[in-house]
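# show me the folded form of this:
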Amino acid sequence: MKTVKISALALAMAGVFATSAHAQSAKTNAWEGFYAEAAVGYAAFSPTVTGARLAPTGYPAGVTVPVATSTTDLNTATNKLGVGYNYGINDKFTLGLAASYAIGASSAAGGTFNAGTGPKWFNYQLKNIWSVTLNPGYVIDKDSLVYGKVGATGNTMGLNGQTANYQTNNFTGYVLGLGYKQMVTQSIYLLGEVNYASLSSKTATLATSSGPITANLGGSGYDFIVGLGYRF
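Residues are numbered from 1 along each chain as shown. All right, here's what the predicted structure looks like:
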């Protein structure tokens, strides 16, 4: 009987220690840890083109003529593949580091340029869209998280036209966003985001059959996306 009592006491103590160890190892913030996600949605982009000038073929070096330009906004479907890590500051706040990339290219939009010989059409599209952001978050509860985004973004703009073969230029800028995540199982969550991005203006050159056109290119845009994620 004494042996039975000692064994029962040992089992009880082991249970207490196991429970204590589990409690110590449990996360104080349910949203802390790594995650991966995929999303789709809608995006719009408004380009800016200023100071365009053409260096006509056959003219002396340094001779340029002004080029009038017009552009249309780009409206397209978009997607995002993302990974990140949320650090639990305490039980109510997180600070995340995230990276994302969009697969494929956007739809195309157009415009015209005119160096005095009549308007010529051109098209542009965006691809290789990426971002790296810090994501401060507020934990509503273990199943709900609202967060902000601030960081760097970039893309590749491809252009071709009536007198220009396909060419690309790379752009960088900043991105701001707001998002919400809602758990639907122990590990899978739904997400929704709205993001705004602004690209820094840069000098770019478009080679045409009439000569190179140099202009300051930039722009800004936004997207609305929804998707699924996995919380590890």
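# helices along the chain, start to end?
In the chain, the segments counted as helices under DSSP state H are 2-25.
# quick check, central residue of it?
Ser131 (4.2 Å; Cα atoms, centre = their mean).
# just give the nearest non-adjacent residue to Lys27, would you?
Gly88 (6.5 Å; Cβ to Cβ, 6 or more residues apart in numbering). Any C-beta I mention is one placed from the backbone N, CA and C, and that applies to glycine too.
# in this structure that neighbour contacts Tyr138, no?
No: the criterion here is Cβ atoms under 8 Å, and Gly88 misses it with Tyr138 at 11.9 Å.
# pull the contacting residues for Leu145.
Trp31, Thr94, Gly137, Tyr138, Val139, Tyr180, Lys181 (Cβ atoms under 8 Å, 6 or more residues apart in numbering).
# can you pull the pLDDT of it?
At Leu145, the pLDDT value in this model is 98.
# Phe224 and Glu193 touch, don't they?
Yes: counting by Cβ under 8 Å, Phe224 touches Glu193, with 7.4 Å between them.
# looks like Trp31 contacts Tyr85 (just checking).
No: the pair Trp31 / Tyr85 is not scored as a contact, 10.6 Å apart, by Cβ under 8 Å.
# same drill for Phe224 and Glu193, tell me which one is more crowded.
Glu193 (22 against 14; other Cβ atoms under 10 Å).
# mind listing what that one touches?
Ala39, Gly41, Lys149, Gly177, Leu178, Gly179, Tyr180, Asp223, Phe224, Ile225, Val226.
# distance of the nearest residue to Tyr101 once chain neighbours are set aside from Lys80?
Nearest in space to Tyr101, with sequence neighbours left out and distances taken as Cβ to Cβ, 6+ apart, is Trp130 at 5.0 Å. Counting by Cβ to Cβ, to the nearest Å, the gap from Trp130 to Lys80 is 10 Å.
# bridging residues for Ala99?
Val83, Val132 (DSSP bridges).
# actually Gln167, not the one I wrote
Going by DSSP bridges, Gln167 forms beta bridges with Leu159.
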